[in-house]
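In: Output the structure for:
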Amino acid sequence: TGTQHAIGGLRPEVWRHVVDWSPGDLHKGDALTSSVQRLQRLSSVRHVAVEQALRDEGDSLHMDVDVQVQHGAPYDLGLELDLVRNNVRYGPRIHLDIATLNARSRGGRRAVEVGFGYVAAEPFSSFSRDAWLNSAEWSLHWNAERLGAWPLPLSRFKAESEPRTRIDVGLDHEIWPEFTRTQVQSEVSYVLKTGRVHNGRVECVPLKVSYVNLTNRSIAFREWLEQEASPLVAGRFINHLNLGSSMRWSQSWDNTWLSGSVSLQSSWGGWLGQTLAERLSQDPEQFHPETGAWMVREGVPLVQHQRHLVQFHLNPQGKGSSRWSTHIRIQGGWAGVGANTVSLPLEHSFLSGGANGIRGWRLRELGPGNLNPSDANLVVDGLGDVQFMASLEWRSNWNSPWDLAWFVDAGNVWLHGDNAPPVTTWRETEWGSVAAGAGLGVRYDFEVMVLRVDAGLRVHDPVQEEGNRWLGQRPGRGALHLGVGMPF
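Out: Predicted structure coming up:
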């Protein structure tokens with residue numbers, strides 16, 4: 001038998017969902033442990049105490065269980081210094097978070113988040129070595145998270161699934177070297193855990209609305225767009241509306257011979273909005289005269305896109321020295337547009353090179369395909385609609401907190417479609433367009449973060465002419481990267 005007593009207050013349906021047992025149930029230690037762990041994962045819970053007492057009533061034994069939940073302060077203030085380190089921008093960022101905990105006794109969280117960063121971004125119209133901290137960004141977001149998958153009741157879900165609903169509304173303002181990019185967005189997402197052993201997770205975003213606006217375009221950037229005179233290039237930098245959805249599934253495992261994780265991500269949007277606009281609107285001026293895209297307002301089309309990405313991270317568990325470990329990454333992606341969209345916008349594209357990619361090249365120095373960045377072309381250097389990347393890394397605990405790493409990277413990005421130049425497509429270039437590099441990295445573990453320096457050498461450079469691509473056929477070239485955290 002048992003008694004349930006919560007200090008601080010949770011709604012009865014929340015308590016019944018999180019605590020997966022009730023008075024009169026057969027006592028199971030693992031069920032009690034799992035319930036306590038789920039309580040501790042609630043944002044408002046500060047401490048969980050469990051008292052157990054065994055009673056002998058002659059013909060049976062009874063266990064009295066008392067669970068006491070202590071909630072922390074109803075408000076939380078957080079200040080964090082982090083580093084923006086995505087494929088396009090890199091630099092320090094300050095993040096301020098003001099949150100309300102256990103909102104409406106649901107074990108959830110509501111927060112206002114403000115961020116400011118001073119970052120580096122590579123120009124598109126020209127490659128510049130002086131790209132260190134040349135841009136700024138700030139953001140303002142409001143989000144709310146609660147236990148459950150609204151509007152379904154919590155009783156529909158198993159306790160171990162820990163369903164959550166999240167709403168996010170925000171504004172992101174980025175000042176690039178060549179333009180200012182502003183994005184207003186809102187989304188509703190659901191997160192569900194799958195499986196106790198393999199740490200599975202499913203995230204569904206049934207609706208995401210975002211509006212992207214580019215202003216303050218520099219003279220050099222405008223001249224570059226006019227010089228390229230290509231819809232494939234201009235389409236990457238248009239103002240646009242995105243009305244779409246996404247799904248993400250991930251799972252990790254750990255056994256005696258292999259640990260790792262796998263994730264699948266898919267996003268899509270625009271088709272439903274375009275179809276409804278075509279059926280409901282009788283005004284031809286509401287559609288682009290060439291592409292037929294629904295113009296939400298002047299100069300702002302609704303984009304049709306889809307993007308899919310699969311990632312494997314593997315860590316073989318050998319019987320050798322514990323100071324050595326092997327890490328493998330395999331990643332592939334494909335993206336495309338609908339009949340009413342000419343080119344993928346920048347945020348849906350794949351990029352090559354960089355500190356977390358093929359490390360023998362700086363960001364966007366590679367591809368797409370066999371394209372040389374120094375050649376006149378009708379595409380954006382280093383941006384593609386198809387991506388493949390594989391990395392093998394041997395890590396050694398050299399002398400704590402110092403680590404060494406030897407790595408091999410391979411891959412590239414490509415374009416596809418009738419308008420793509422043949423030299424940028426996999427169909428025309430095949431294996432000759434796959435880049436390969438190798439190098440050495442040094443890492444320092446600060447406990448709160450890992451700072452690393454990776455030096456990569458180009459072993460096979462597909463942007464060079466045939467007969468001059470392999471190391472030994474040409475002078476050695478490479479790249480030096482400063483990174484935070486592991487590359488994968």
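In: Near the closest residue to Y75 other than its chain neighbours, how many residues? Count them for me, please.
Out: Of all residues not flanking Y75 in the chain, T100 sits nearest, at 6.0 Å (C-beta to C-beta, 6 or more residues apart in numbering). Backbone N, C-alpha and C define where each C-beta goes, glycine included. When neighbours are counted by other C-beta atoms under 10 Å, T100 registers 17.
In: give me the beta-bridge partners of T100?
Out: Y75, R110 (DSSP bridges).
In: Give me the below-cutoff pLDDT ranges for the chain.
Out: 1-8, 83-87, 103-104, 126-132, 196-198, 229, 318-321, 374-377 (pLDDT under 70).
In: From the centre of it, point out the most distant residue.
Out: Distance to the chain centre peaks in the chain at G58, reaching 58.8 Å (criterion: C-alpha atoms, centre = their mean).
In: can I assume that one sits in a strand?
Out: No - counting by DSSP: H, G, I helix; E, B strand; the rest coil, G58 is not found in a strand; it is coil.
In: quick one: contacts for it?
Out: The contact partners of G58, by C-beta atoms under 8 Å, 6 or more residues apart in numbering, come to none.
In: what about it, distance to N412?
Out: 76 Å (C-beta to C-beta, to the nearest Å).
In: ok, now L392?
Out: Counting by C-beta to C-beta, the gap from L392 to N412 is 17 Å.
In: When these two are compared, which one has more neighbours?
Out: Higher neighbour count among L392 and N412: N412, with 31 against 16, using other C-beta under 10 Å.
In: Restricting to C-alpha, output the helix or strand hosting that one in CSV.
Out: For N412, the host element (DSSP states H and E) is strand 402-414. C-alpha atoms of strand 402-414 as CSV (Å, rounded to 0.1, in the frame of the first residue of the first chain):
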residue,chain,number,x,y,z
TRP,A,402,44.3,17.9,-22.9
ASP,A,403,43.0,15.6,-25.6
LEU,A,404,44.3,14.8,-29.1
ALA,A,405,42.3,13.7,-32.2
TRP,A,406,43.2,12.4,-35.6
PHE,A,407,40.4,12.6,-38.1
VAL,A,408,39.4,11.8,-41.7
ASP,A,409,36.5,13.6,-43.4
ALA,A,410,34.8,13.1,-46.8
GLY,A,411,31.8,14.5,-48.5
ASN,A,412,30.4,17.6,-50.4
VAL,A,413,27.2,19.4,-51.3
TRP,A,414,25.5,19.2,-54.7
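In: Could you pull up the residues touching the nearest residue to A149 once chain neighbours are set aside?
Out: Of all residues not flanking A149 in the chain, P163 sits nearest, at 4.3 Å (C-beta to C-beta, 6+ apart). Taking C-beta under 8 Å, 6+ apart, we find P163 in contact with 147-149, 154, 157, 190-192.
In: Same question for H141.
Out: Per C-beta under 8 Å, 6+ apart, neighbours of H141: 112-113, 168-171.
In: run the last query once more with 6 Å
Out: Contact analysis of H141 by C-beta atoms under 6 Å, 6 or more residues apart in numbering lists 113, 170.
In: Same check on the one 4 residues further on?
Out: Residues counted as contacts of E145 (C-beta under 6 Å, 6+ apart) are 108-109, 164, 166.
In: would you list those in JSON lines and tack on neighbour count, distance to T424 and secondary structure?
Out: JSON lines is the format used below for the contacts of E145 (neighbours: other C-beta atoms under 10 Å; distance: C-beta to C-beta, whole Å; DSSP: H, G, I helix; E, B strand; the rest coil):
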{"residue": "G108", "neighbour count": "22", "distance to T424": "47", "secondary structure": "coil"}
{"residue": "R109", "neighbour count": "21", "distance to T424": "45", "secondary structure": "strand"}
{"residue": "R164", "neighbour count": "20", "distance to T424": "41", "secondary structure": "strand"}
{"residue": "R166", "neighbour count": "17", "distance to T424": "38", "secondary structure": "strand"}
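In: so what's G91 up against?
Out: G91 neighbours (C-beta under 6 Å, 6+ apart): 84, 117-120, 133.
In: Looking at these, which one is closest to V205?
Out: V205 lies nearest to V84 out of the contacts of G91, by C-beta to C-beta, at 22.1 Å.
In: So what's the residue count around S189?
Out: Around S189 there are 20 residues (other C-beta under 10 Å).
In: That one against R166, yeah?
Out: Yes - if you go by C-beta atoms under 6 Å, S189 and R166 touch, sitting 4.8 Å apart.
In: from the chain's centre, how far out does the helix or strand where R395 lies sit?
Out: Taking DSSP H and E as the definition, R395 sits inside strand 386-399. In this view, strand 386-399 has its centroid 19 Å away from the chain centroid, taken as C-alpha atoms, centre = their mean, to the nearest Å.
In: cool, and stretch 396-406?
Out: 27 Å.
In: Can you give me the end-to-end span of that stretch?
Out: The first and last residues of stretch 396-406 sit 9 Å apart, counting by C-alpha to C-alpha, to the nearest Å.
In: Then stretch 95-107?
Out: End residues of stretch 95-107 are separated by 23 Å (C-alpha to C-alpha).
In: quick one: contacts of it?
Out: 9-11, 14, 42-44, 74-80, 82, 109-115, 146-147.
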